[in-house]
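Predicted structure and sequence below. I'll ask about it afterward.
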Amino acid sequence: MDAFTMIQLIAIVLLAILLVFSIFMTERKKKPEIPKRTITVIRCDNGDYETKRDFRQGDFIGKVEGKCPKCGGILRVHSIYVEEIQSAK
Ligand SMILES: [Zn+2]
């Protein structure tokens, strides 16, 4: 009878480990599915205009991006950051 209880105990422990492992695996699988995008913030030197767009290769902080549509000042890349895209449900 003792051996039978041992087997039951081992079976329960194994099931618990399997359950934890499967939860852990699904959690890990979910992570790369979060869509991310790199955003470049462009700001006018005079601080009256700011716009955001997707990061393009060759973007760097301080890069001149053209002229401000408001005051004709210089537009520069102000910051670059990664944003998680929130799925709208
Ligand atoms: Zn401006």
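Right, received. Where do you want to start?

can you give me the strands for the chain?
Assigned by DSSP state E, the strands in the chain fall at 36-44, 50-54, 64-67, 74-84.

Mean neighbour count, the ones you listed: which tops it?
strand 36-44 (a mean of 16; mean count of other Cβ atoms under 10 Å). (Glycine included, C-beta is placed from N, CA and C.)

quick one: low-confidence ranges for the chain?
1, 30-32, 87-89 (pLDDT under 70).

Which parts of it belong to which domain?
Residue ranges for the domains of the chain, per automatic domain parsing: 2-32, 34-84.

Could you provide those domains in a markdown table, with additional columns for distance to the ion?
A markdown table is the format used below for the domains of the chain (distance: least, Cβ to the ion, whole Å):
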| stretch | distance to the ion |
| --- | --- |
| domain 2-32 | 39 |
| domain 34-84 | 3 |
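
For residue 83, list each beta-bridge partner.
residue 37 (DSSP bridges).

List the contacts of it.
If you count contacts by Cβ atoms under 8 Å, 6 or more residues apart in numbering, residue 83 has them with 36-39.

hang on, the earlier thing: between the strands of the chain, which gets nearest to residue 16?
Checking the strands of the chain against residue 16 by Cβ to Cβ gives strand 74-84 as the closest, at 32.6 Å.

which residue packs closest to residue 43, ignoring adjacent ones?
residue 78 (3.8 Å; Cβ to Cβ, 6 or more residues apart in numbering).

Tell me who's in contact with that neighbour.
Residue 78 makes contacts with 41-43, 50, 61, as judged by Cβ under 8 Å, 6+ apart.

hmm, back to that, of the strands of the chain, which is nearest residue 15?
Taking the strands of the chain one by one with Cβ to Cβ, strand 74-84 is closest: 34.8 Å.

could I get that closest one in PDB with only the CA atoms?
Provided in PDB are the C-alpha atoms of strand 74-84 (Å, rounded to 0.1, in the frame of the first residue of the first chain):
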ATOM      1  CA  ILE A  74      15.500  73.500 -38.400                       C
ATOM      2  CA  LEU A  75      13.800  70.200 -37.600                       C
ATOM      3  CA  ARG A  76      16.000  67.700 -35.800                       C
ATOM      4  CA  VAL A  77      15.700  64.100 -34.500                       C
ATOM      5  CA  HIS A  78      15.000  64.700 -30.800                       C
ATOM      6  CA  SER A  79      14.700  61.200 -29.500                       C
ATOM      7  CA  ILE A  80      14.300  57.600 -30.700                       C
ATOM      8  CA  TYR A  81      12.400  55.000 -28.600                       C
ATOM      9  CA  VAL A  82      10.800  51.600 -28.800                       C
ATOM     10  CA  GLU A  83       7.000  51.500 -28.400                       C
ATOM     11  CA  GLU A  84       4.800  48.500 -27.700                       C
END
